[in-house]
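Undergrad: here is the input, now give the coordinates:
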Amino acid sequence: MQFVLGVVSHASVVKMLEQHLEDMYATSPPESVHALDLSELKQDDIRFWTLWEADRLCGCGAIKRLSPEHGELKSMRVANYYRQRGIGERILHHLQADAAQNGMTRLSLETGSMGFFLPARRLYQKFGFVECAPFGRYQDDPNSVFMTKRL
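TA: Below you'll find the model as predicted:
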């Protein structure tokens, strides 16, 4: 498997991100959906990574730089075929290492509070993320859980 930086427009990536947005809108009220669209993932303050097995997309994730020392995890997604195979852990490990290599000392994230997001929250907790107050431009929202970790 191989990580690739910046491949947002590949057809497989576009399809995965469209599914990601569909799931977010199907499980959360529109005002509580904070997922980034394709154009937002191409911004200069975003490092978007994909993980591939040969020509098959396994998953993706991004880091949005909030400040020189603080990043936000965004767009974490594992392809359905690769779920329950440790791909989420592999992507999260890679994103943390990338953030640290780029001078960040803290990573934070927002995820849903509903049952649909429980596997994601468990993954983040396993990697040492703890719940925190809203950060950046986020506001308190009963549909959101905010988490952070010092690197």
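
Undergrad: OK, contacts around residue 77?
TA: Counting by Cβ atoms under 8 Å, 6 or more residues apart in numbering, residue 77 touches 16-17, 19-20, 59-61. (Glycine included, C-beta is placed from N, CA and C.)

Undergrad: parallel or antiparallel, list what pairs with the helix or strand that contains it.
TA: Assigning secondary structure by DSSP states H and E places residue 77 in strand 70-78. Applying DSSP bridges to the sheet, strand 70-78 is found paired with strand 56-65 (antiparallel), strand 106-112 (parallel).

Undergrad: tell me the mean pLDDT for that strand?
TA: Throughout strand 70-78, pLDDT has a mean value of 92.

Undergrad: what about residue 68, how many neighbours?
TA: For residue 68, the neighbour count with other Cβ atoms under 10 Å is 10.

Undergrad: please report how far it lies from residue 104.
TA: Noted for residue 68: a distance of 8 Å to residue 104, by Cβ to Cβ, to the nearest Å.
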